[in-house]
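Asks: need coordinates for the below:
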Amino acid sequence: MTITDDADQDDPCVRAAQEARLRAVWASPRGWFLRWTDTNNDAVGKWYTLTALAMMLFAGVLALVMRAQLAVPDNDLVSASTFNQLFTLHGSMMMFLFAVPMFEAVSILLLPALLGARDLPFPRLSAFGYWSFLIGGVFVAGSIFFDAAPDGGWFMYAPLATEPSQSGIGADIWMLGLSFIEVSSIAAAVELIVGVLKCRPPGMRLNLMPLYAWYILVVAVMILFAFPPLIAGDLLFELERLLDWPFFDATRGGDPLLWQHLFWIFGHPEVYIIFLPSIAIFAMVVPTFSRRHLLGYPWIVLAAVGTGFLSFGLWVHHMFATGLPNISIGFFSAASEAVAIPTGVQIFALIATVWAGNLVRSTPMLFGAGALAIFVIGGLTGVMVANAPFDWQAHDTYFVVAHLHYVLVGGSVLPLLGGLYYYWPLVTGKKLSDRLGRIAFWLMFVGFNVGFFPMHLSGLKGMPRRVFTYSSELGVDALNLASTIGAFAFAAGVAVVIADLLLSPRREYADRNPWHAGTLEWLAHPKRQEDWGVRSVPLIESRYPIWDQPDFVRNVDEGRYFLPDAEEGRRELIVTSVLDAEPLQIARVGTPTVKPMLAAVTLGGVFILTTYHLYAAALVCGVAALACILWWLWTGTGVIPEKTAKRAGRGIVLPLASSGPASPGWWAMFITMTADATAFAALIFGYFFFWTIHADFPPAPAAGLAGPGIGWPMFALVLVIAGWALTIVARETNARGSVGVARGALALGAIATGAGGAAGLAGPWFSGLDPQLHVYPAIVWVLVIWIAAHAALAVVMNVYGLARSFARRMTPVHDGDVRNITVYHHFVALCALVAFVVIGFFPRVA
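Replies: Numbering: from 1, shown residues only. Predicted coordinates:
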């Protein structure tokens, strides 16, 4: 990559020649291939966003079919079975395939620009997440065309959904397809967290970050703790369906309430995972059109963190009708109402900013105001259902349907469209039509309220959720007809937005920074969409540098800050410290490659083939996925640079490689293992959940029920700890230059850890634990299999480190591989300690 002179870039002849060459390349088969496999986060973010938008439109069509069915009583437009598939797929797609993926897609697209960075640290990981999302989404959404869609609701409650004769293959498609999609969500969360913490421009301390970056950080951390319990629940769910292990079968010691706990530990935080990015968009839009800094910045940050924290203490209010103790109901009811406090702080800070500023009326602000009005109504009905006596009356009625949609449409769809009108000039260089935008808004705003407000009354009149028809004697005919009319009016508004998007390529380019905003993303020039982003990475002294720092834009454009050129033609970004954004390293990110796509395709094959019980083929895909990932890592990470350091600009020389906590890779491993440990904690929660509901857990020893005792678990634990210690020895001796000793320690560590995993399996095997007899042997087997699988992966990692060492790709100086492997061993050792102590010592049978 060579940065040309500004005059050359402005020369019409030079520009025309460049565009002609680019058009020729993009029109060729090679161009199409490059577009689909590009791992630049700008390209990935655009494809991700378009795919999530397509998922939303498809889910919306399903909703319109449902509303047509419910327009009049005793309708027979669709059958009960089809209706069940429609509402299950609609809810699943909106929650799993639109709301969260759309936030991640938009964030991947915007975050580099918001931070004035060239890219995010792991563009290939973003590409892998996108392909995983696309494959899983098509697999789940396409099932309805084969009459095989899930039909148990987007929550898929046990025991009906775990019984194959009741739910068919649709439950497997839902479970395994969405589990694959959850992998993509966690991958995106890792990318975003590391991007916010380690890739800020120099000078951008935490208290100078754009609020959008703060919200991204909070929400991505929430994903790390919300999605893994659902993944753990998915594992138990599929083991019951495929192997008849009775986690939710009350006749063999299981309990279907465990599924509800694991699902709603994910499900309620997800509401705030969806809502908080909307406030993030408002936090960027409102100051721009109020022509002033946002009021209450520190209070908004604290409120966002508080909302994320409190959201994990609310899940039980979805279970008030299950017969919980009064003390639990009181606690979770109070917590459900308390979360309104930090939410209110954020909303009132936005209102105060508008009040104190000089408001400029615009389409993005119109969508923002309408969204807040709708969301506040949803929040007020949320306070109502947080009170158990009212919830008992409204539970599973259309009142809850209305509440849910007021929260999600006001907290996700309308804010997203406001952000679309705001950021479209940044992404494409073209503005959308204000006239069409206003038409679309009023169609959607009026249509939504006409469609969903009557559902409150339908619910209070006794209309239950998830019914495909109703009798005219219920007295809700007019209400349902109004809801259907409103739904189609809302759809008409969406159609206007789509028409506006399709017309935008015909319009003229907008001016640079057309809204006169003060934040970094508007450094981009609509007529200069260079692959490398900003000309130079800026030095930040303010939250609104375009407004506050003199000659800021000119200095950036003239390359007066950091990394003004890419001498070696590589994608480079500056890695900074977590707190104060002090420059630490120049990192080189991966180039476009097909490897993440191949890894996603083969891993997707594991999930899809397992759905149809093709286990041998799934195993082959698993091996292929592992090979693709190792190939990807071998060629894309830890490449030893041709020199140790280079000039970054402004008199600073930075290293081209680092390891340990200074490295983005170390942070990525730590964050990934945090998510992994959360899933493991959910399994431990399951073990003690069964202990609390049974007076005889573990059951009295009998054939197939006798526990593994103390010997095998403690032997396995010693071996895993030994493997962990040997890996630490390998890290330290390699750093001291004793490469031979380090290699030996890595090899012995692999042997010890692998033997520890095998010894863990030996305990229940030799004691004859039968996981089909009772939930106790089933949960013990799950815990030891979890540890054994992670031990096996640790073996692969140690062998990979050995290979890197022999290939001289890992040296005493460039030792990121062994340091990251050690982080993984820390978590494996901790999980093994917890699992084997629990299995061997607690609880003990008298």
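Asks: so where is the stretch 51-200 of the chain shaky, pLDDT-wise?
Replies: By pLDDT under 70, the stretch 51-200 of the chain contains no weakly predicted segment.
Asks: er, the stretch 551-700 of the chain I mean
Replies: Judged by pLDDT under 70, no stretch of the stretch 551-700 of the chain qualifies at all.
Asks: now do the strand or helix carrying residue 91: distance to the chain's middle.
Replies: Assigned by DSSP states H and E, residue 91 falls within helix 80-92. Centroid displacement of helix 80-92 relative to its chain, using Cα atoms, centre = their mean, to the nearest Å, is 24 Å.
Asks: give me the distance between the spatially most central residue of the chain and residue 191.
Replies: Nearest to the mean C-alpha position of the chain, counting by Cα atoms, centre = their mean, stands residue 185 at 3.0 Å. Separation of residue 185 from residue 191 (Cβ to Cβ, to the nearest Å) stands at 11 Å. C-beta coordinates here come from the backbone N, C-alpha and C atoms, glycine included.
Asks: intersection of neighbour lists for these two?
Replies: Between them, residue 185 and residue 191 share these contacting residues under Cβ atoms under 8 Å, 6 or more residues apart in numbering: residue 129.
Asks: for the nearest residue to residue 319 once chain neighbours are set aside, give its distance to residue 119.
Replies: Nearest non-adjacent residue to residue 319, counting by Cβ to Cβ, 6 or more residues apart in numbering: residue 260, 5.5 Å away. Distance from residue 260 to residue 119, counting by Cβ to Cβ: 41 Å.
Asks: neighbour count: those two, which is higher?
Replies: residue 119 (24 against 21; other Cβ atoms under 10 Å).
Asks: who touches that one in this structure?
Replies: 40, 41, 42, 112, 533, 571, 573, 589.
Asks: ok, back up a step: now do the contacts for the residue nearest to the centre of the chain.
Replies: 100, 101, 104, 129, 133, 223, 227.
Asks: output the contacting helices and strands for the helix holding residue 91.
Replies: Applying 3 or more Cβ pairs under 8 Å, 6 or more residues apart in numbering; DSSP states H and E, one finds that helix 80-92 contacts helix 41-69, helix 123-141, helix 164-198.
Asks: so which of these is the most packed in?
Replies: Ranked by mean neighbour count, the helices and strands packed on helix 80-92 are led by helix 123-141 with a mean of 25 (mean count of other Cβ atoms under 10 Å).
Asks: show me what it is packed against.
Replies: Going by 3+ Cβ pairs under 8 Å, 6+ apart, helix 123-141 lies up against helix 41-69, helix 80-92, helix 100-114, helix 164-198, helix 595-611.
Asks: ok, which of the ones you listed comes nearest residue 289?
Replies: helix 100-114 (17.7 Å; Cβ to Cβ).
Asks: could you say what helices and strands that closest one packs with?
Replies: helix 41-69, helix 123-141, helix 164-198, helix 211-243, helix 257-290, helix 414-428.
Asks: and the angle from the shortest one to helix 100-114?
Replies: This means helix 414-428. Counting by axes from the mean of the first three to the mean of the last three Cα atoms, to 10 degrees, helix 414-428 lies at 40 degrees to helix 100-114.
Asks: can you name the element that comes right after helix 414-428?
Replies: Heading C-terminal from helix 414-428 (DSSP H and E), you reach helix 434-460.
Asks: and that next one, what other elements does it pack with?
Replies: helix 363-385, helix 398-408, helix 414-428, helix 477-503.
Asks: who's in contact with the closest residue to residue 108 other than its chain neighbours?
Replies: Spatial nearest neighbour of residue 108, excluding adjacent residues (Cβ to Cβ, 6+ apart): residue 45 at 4.1 Å. The neighbours of residue 45, taking Cβ under 8 Å, 6+ apart as the test, are 105, 106, 107, 108, 109, 110, 126.
Asks: and the pLDDT for the nearest residue to the fifth one once chain neighbours are set aside?
Replies: The spatially closest residue to residue 109, leaving aside those adjacent along the chain, is residue 45, at 2.8 Å (Cβ to Cβ, 6+ apart). As summarised for this prediction, residue 45 has a pLDDT of 86.
Asks: for residue 676, see how far away residue 45 is.
Replies: 26 Å.
Asks: please apply the same query to residue 542.
Replies: From residue 542 to residue 676 the distance is 39 Å (Cβ to Cβ).
Asks: more neighbours: these two, which one.
Replies: Using other Cβ under 10 Å as the criterion, residue 542 and residue 676 rank with residue 676 on top: 20 against 16.
Asks: so that one is in which element?
Replies: helix 664-693.
Asks: mean confidence score for the helix or strand just after that helix?
Replies: The helix or strand immediately downstream of helix 664-693 is helix 711-735, counting by DSSP H and E. Computed over helix 711-735, the mean pLDDT rounds to 96.
Asks: helix 711-735 packs against which elements?
Replies: helix 739-766, helix 775-806, helix 816-841.
Asks: and the ones you listed: which comes nearest residue 604?
Replies: Among these, helix 775-806 sits nearest to residue 604 (Cβ to Cβ), with 19.0 Å.
Asks: mind listing what's buried along the closest one?
Replies: For helix 775-806, the neighbour count (16 or more other Cβ atoms under 10 Å) marks 775-788, 790-791, 794-795, 797-798, 800-802, 804-805 as buried.
Asks: Provide a list of residues in contact with the residue nearest to residue 319.
Replies: So residue 260 contacts 155, 157, 318, 319, 322 (Cβ under 8 Å, 6+ apart).
Asks: and residue 410, by the same measure?
Replies: 371, 372, 373, 374, 375, 376, 377, 378.
Asks: with neighbour count, pLDDT and distance to residue 761 added, can I get these in CSV?
Replies: Converted to CSV, the contacts of residue 410 look like this (neighbours: other Cβ atoms under 10 Å; pLDDT from 0 to 100; distance: Cβ to Cβ, whole Å):
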residue, neighbour count, pLDDT, distance to residue 761
371, 26, 95, 52
372, 20, 93, 54
373, 14, 94, 57
374, 26, 96, 53
375, 25, 94, 50
376, 14, 93, 54
377, 19, 95, 54
378, 21, 94, 49
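Asks: and of the residues you listed, the nearest to residue 437?
Replies: Once Cβ to Cβ is applied, the member of the contacts of residue 410 that ends up nearest residue 437 is residue 371, at 13.7 Å.
Asks: wasn't residue 647 part of a helix?
Replies: No: read with DSSP: H, G, I helix; E, B strand; the rest coil, residue 647 is strand and lies in no helix.
Asks: now for the closest residue in space to residue 518 that isn't next to it in sequence, how many residues are close by?
Replies: Counting by Cβ to Cβ, 6+ apart, residue 518 lies nearest to residue 544, which is 3.2 Å off, once chain neighbours are set aside. Neighbour count of residue 544, defined by other Cβ under 10 Å: 19.
Asks: distance of residue 544 from residue 520?
Replies: 9 Å.
Asks: what about the closest residue to residue 214 other than its chain neighbours, distance to residue 218?
Replies: Once flanking residues are discounted, residue 214 sits nearest to residue 301: 5.3 Å by Cβ to Cβ, 6+ apart. To residue 218, residue 301 is 9 Å away according to Cβ to Cβ.
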